[in-house]
Structures are given as structure tokens and as C-alpha cells.
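Colleague: Here is my input, please return the structure:
(one chain, ligands or ions: 1)
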Amino acid sequence: MIETKLTALLGVGGPIQLAGMPGVGTPALVAAVAAAGGIGMIPAPMLPADALAGVLDDVATRTTGVFGVNFLMPFLDRTCVEVAARKARLVEFFYDDPDPELVRLVHSHDALVSWQVGSRGEAIAAERAGCDVIVAQGTEAGGHVRGQTGLAPLLAEVRGAVGVPVIAAGGIATARDVAAVLTNGAAGARIGTRFVASAESGAHPAWVQALLAASAADTCLTETFSSMWPNAPHRVLRSAVTAANAASENVVGEMQLGGQAVPVERFSAICPSGSTTGRIEAMALYAGTSVANVDRVQPAAEIVAELVSGTAYP
Ligand SMILES: Cc1cc2nc3c(=O)[nH]c(=O)nc-3n(C[C@H](O)[C@H](O)[C@H](O)COP(=O)(O)O)c2cc1C
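Modeller: Residues are numbered from 1 along each chain as shown. Below you'll find the model as predicted:
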């Protein structure tokens, strides 16, 4: 057992949070992390309110563990925020200035609020807005990256500036990494890329295989996959950038959305899930520098246990 301000606040067994990842965070993955004592996060983007309510009910039938919902501000649907606040313990936002109105809305339904930030200034704004938890995201992170500072200096700056529990994110994949951020004042660790390679992940198998083969230097920060979501740098496998630039067609595949097949445009920000077809290697294959320590597919519960045990990476 590792106890921190975060585990006390949320009543969880360990200081591990699954990152909200659309297409990856299936109800099975969210529930497995929550049941293992971590915080499971449901990705809200692309879900209408009734579908989000269904996913929340599904996860609740699978586990009594703690789970939350993650919202991307550029795609925010306030009706969905209300649904999440009514049914989840934690509601989280990313990629815009912290908004006191949204925080009040979530608090009015007795849920806790978290904001993922990329700078000291944004962390201070999140605390002033009333957030209960702050996620400090370093530039090592897979997916969209908010700031310009690596995790270690960012964590030091944020920890010195706010009083609420801080979760560290970006490049964390091992028990040693978790121990390091806790030693440096974090109350928890948020993990994305390593869970993309979990048994319950919704990610396309070709993406998972590419992660297993990659090292940290095989990732890059880019704005290549910006259709739908411009001016938002993201960390992906460099091979995906090369393949997307080399492709000549405007549509590189098809994905399933609400039971319908829809085209995946070249340079789309949407990452490939298991049912996506086409040129997977040319799609947004998000990866953090943590990919260096992602070398096998494991059940999510095993990953959570390993991250808090410290025994797997002596
Ligand atoms: C595939 C993928 C999708 C992501 N999507 C989101 C998202 O929708 N919302 C969000 O807050 N963060 C998102 N992130 C970023 C994570 O919250 C987190 O900062 C990052 O995964 C941490 O770095 P790591 O991947 O090295 O563990 C995503 C990350 C990945 C890898």
C-alpha cells in the first residue's frame, strides 16, 4: 500500500491513474484499473450524453472501484459534463484555461474536479478555479502535450505553487518512475502509453506492436495529426509522421463511430482502435517517451500491481 494525499482524497488503494484515452479506454480497461485500486478514467470525446451515461453504468456494474471522466475542452459538451458529475467520482478537463464555472457545475453534483496542466501558471489558475486535484503534464507525455517543460522541472514548479494533490504525467512506465515522482512531491502518477499496451486496451494491435518495438527516440512532438484539432502539439511515433507524409490519398482508412463506418482522413487526430481498417501505420500513433519501458502486453491489473510494488524493475 502506498498512501498519499490523493489516495486519501479519492479513497483508492494506490496512487495510479489511467489517462483518459479515446479509442483506448474501453469500459473493461477502466474497470480493470479501478478494480486493481487505481483510478480508471473514461474518455468522453465523441460520446453523446446518453452513450456516456451507458458507459458509466457499464463500468459501475463491473467494479466498485473509483473512476472518473476525462473531457477535452476543444470538444466539450456541457450536458455530458453534468452526466459525468452525477455518475463519477472525478471529472477532469484538459487543453484550455481552467474554468471556475465548470468547476462549480461539477461540484454542485458532489464530484471532484481535476485539471491537467502544462505550466506553473496554469496550475495556479486551476487551483484558483477551485480544482481539487491538478495533473502536471511534462513534454515526455504521449498524446496531446499542453506545455513546454519536462516533467521533473514542471513538477518542482507546480508543487511549490499549489496546495492540492498533484498527479505527475509524462514518461512514467515503471515502478521506479512512480517512486521518483512520489519522492519529488507528486501524490500520484498518471499513465497513458503503458496502458495502450494492456490486454483490455481498445488500441489497434498494429499500433500496440509498434509501441513494443519502439524506444523513446522513436517518438517526436509534432503538429502533423492536426485535422479537427489544430495548434495542439502531440507526441507520436515518428514512423507515423513519415508514413502519413508519404501517403498520397486524402482518406487513409475507416473507423466505426456509433455503429457507422466513417472515413479516417489523412492527418486526423483520431488514433486507430481495434475496428479501424486501412493504413494504420499512417494514423496518429500516440506514444510517450515512456514507450522505452513498454515491452509486453499485460493485463491492466498486473500493470497497476507492478507499478506500486517496485519489485518488477529492481
Ligand atoms: C493514446 C493517448 C490518448 C490521449 N488522450 C488524452 C485525452 O483524451 N485527454 C487527456 O487529458 N489526455 C490524453 N492523453 C495524455 C495523457 O493524459 C497523459 O498526459 C499521457 O499519456 C502521459 O504520458 P505517457 O503516455 O508517457 O504515460 C493521451 C495520451 C495517449 C498516449
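
Colleague: residue in the stretch 51-200 of the chain nearest to the ligand?
Modeller: G192 (2.0 Å; CB to the nearest ligand atom). All C-beta atoms are positioned from the backbone trio N, CA, C, and that covers glycine.

Colleague: residues touching that residue, list them.
Modeller: Contacts for G192 (CB atoms under 8 Å, 6 or more residues apart in numbering) come out as A19, M21, A141, G142, G143, A169, Y286, G288, S290.

Colleague: helices and strands around the helix of greatest length in the chain, which ones?
Modeller: Using DSSP state H, we find that the single longest helix of the chain is helix 49-62. Where contact means 3 or more CB pairs under 8 Å, 6 or more residues apart in numbering; DSSP states H and E, helix 49-62 is packed against helix 27-35, strand 40-43, strand 67-72, helix 78-87.

Colleague: So for the nearest residue to A199 once chain neighbours are set aside, what's the pLDDT?
Modeller: Leaving aside its chain neighbours, A199 sits nearest to P299 (4.6 Å; criterion: CB to CB, 6 or more residues apart in numbering). With respect to pLDDT, P299 scores 98.

Colleague: cool, Y313 as well?
Modeller: 51.

Colleague: residue boundaries of the helices in the stretch 151-300 of the chain?
Modeller: Assigned helices in the stretch 151-300 of the chain, in chain order: 151-161, 175-183, 193-196, 205-213, 238-246, 300-309 (criterion: DSSP state H, counting those that start in this stretch).

Colleague: Take the ones you listed and lay them out in JSON lines including mean neighbour count.
Modeller: JSON lines is the format used below for those (neighbours: other CB atoms under 10 Å):
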{"stretch": "helix 151-161", "mean neighbour count": "19"}
{"stretch": "helix 175-183", "mean neighbour count": "18"}
{"stretch": "helix 193-196", "mean neighbour count": "29"}
{"stretch": "helix 205-213", "mean neighbour count": "17"}
{"stretch": "helix 238-246", "mean neighbour count": "17"}
{"stretch": "helix 300-309", "mean neighbour count": "21"}
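
Colleague: Just put those in CSV and tack on distance to G13.
Modeller: Output for the helices of the stretch 151-300 of the chain, formatted as CSV (distance: least, CB to CB, whole Å):
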stretch, distance to G13
helix 151-161, 23
helix 175-183, 14
helix 193-196, 17
helix 205-213, 27
helix 238-246, 36
helix 300-309, 8
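
Colleague: closest one to S108 among those?
Modeller: Smallest distance to S108 across these (CB to CB): 26.8 Å, for helix 151-161.

Colleague: can you list the residues of the stretch 151-300 of the chain near the ligand?
Modeller: 169-172, 190-193, 196, 271, 286, 288, 290 (CB under 6 Å from any ligand atom).

Colleague: what about the chain, any weak spots by pLDDT?
Modeller: Confidence mapping of the chain against pLDDT under 70 gives the ranges 311-314.

Colleague: Try it again at 90.
Modeller: Scanning the chain for pLDDT under 90 picks out 1-2, 45-46, 257-259, 309-314.

Colleague: Name the residue of the stretch 201-314 of the chain that lies nearest to the ligand.
Modeller: Here the stretch 201-314 of the chain gets closest to the ligand at one residue, G288, 2.1 Å apart by CB to the nearest ligand atom.

Colleague: tell me the contacts of G14?
Modeller: By CB under 8 Å, 6+ apart, the contact set of G14 is M1, I2, T7, A36, G37, G38, V304, L307, V308.

Colleague: Dump those into TSV; add distance to the ligand as well.
Modeller: As requested, the contacts of G14 are exported to TSV (distance: CB to the nearest ligand atom, whole Å):
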residue	distance to the ligand
M1	23
I2	18
T7	19
A36	17
G37	18
G38	13
V304	14
L307	11
V308	16
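
Colleague: Can I get those residues in JSON lines including distance to G130?
Modeller: Putting these into JSON lines (distance: CB to CB, whole Å) gives the following:
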{"residue": "M1", "distance to G130": "30"}
{"residue": "I2", "distance to G130": "27"}
{"residue": "T7", "distance to G130": "21"}
{"residue": "A36", "distance to G130": "30"}
{"residue": "G37", "distance to G130": "27"}
{"residue": "G38", "distance to G130": "25"}
{"residue": "V304", "distance to G130": "29"}
{"residue": "L307", "distance to G130": "30"}
{"residue": "V308", "distance to G130": "29"}
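
Colleague: what's around the residue nearest to A199, how many residues?
Modeller: 14 (other CB atoms under 10 Å).

Colleague: Isn't it up against A197?
Modeller: No. If you go by CB atoms under 8 Å, P299 and A197 don't touch, sitting 11.1 Å apart.

Colleague: Residues of the stretch 1-150 of the chain that sit close to the ligand?
Modeller: Going by CB under 6 Å from any ligand atom, the residues of the stretch 1-150 of the chain near the ligand are 19-22, 24, 43, 45, 70, 72, 94, 116, 137, 140-143.
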